[in-house]
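Trainee: below: sequence and its predicted model.
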Amino acid sequence: MSDTEDGAVNFDPEKFRVSYDDFIRFLDGVSMSMVCPHCGTSGAWNVFTGNADGSDDQVLTTYKMPIAGTNFYRISFAMSCENCGTYRSIYTQRVISWLLDNPPAAEI
Ligand SMILES: [Zn+2]
């Protein structure tokens, strides 16, 4: 996953671009429980959108978590329980993989 000769990785959030609507379609498609594991509230989650000032709020925020001692990282989307703030990370590659396997009905 190296982009340069010295192994440095240039992060390009465009490679992990997922729309809010597609993310909701993924959540429904995999039947993810919307019950918060900490407070038991059901269905009240905030999905974080936008990567920078002026960015499109219809695109999910992409988070980059460095892996210590390497130039690698894991990419995730995030949502939080509106009641207690519990933070949930969703592995971006899994979302993208599911979306490729399950195109919108109009594209079938
Ligand atoms: Zn909660």
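Mentor: Good, I have the coordinates.
Trainee: my guess is Gln93 meets Ile75, correct?
Mentor: Yes. Using CB atoms under 8 Å, Gln93 is in contact with Ile75, at 6.8 Å. No exception for glycine: its C-beta is placed from N, CA and C like everyone else's.
Trainee: who in the chain is up against the ion?
Mentor: Contact residues, the chain versus the ion (CB under 5 Å from the ion): 36, 38-39, 41, 81, 83-84, 86.
Trainee: return the set of buried residues in stretch 93-103.
Mentor: Using 16 or more other CB atoms under 10 Å as the test for burial, stretch 93-103 gives 95-96, 99.
Trainee: end-to-end on stretch 72-91?
Mentor: One end of stretch 72-91 sits 15 Å from the other (CA to CA, to the nearest Å).
Trainee: and the longest strand anywhere in the chain, what other elements does it pack with?
Mentor: Ranked by residue count and defined by DSSP state E, the top strand of the chain is strand 73-81. Secondary-structure packing of strand 73-81 (3 or more CB pairs under 8 Å, 6 or more residues apart in numbering; DSSP states H and E): strand 45-47, strand 63-66, strand 87-91, helix 92-101.
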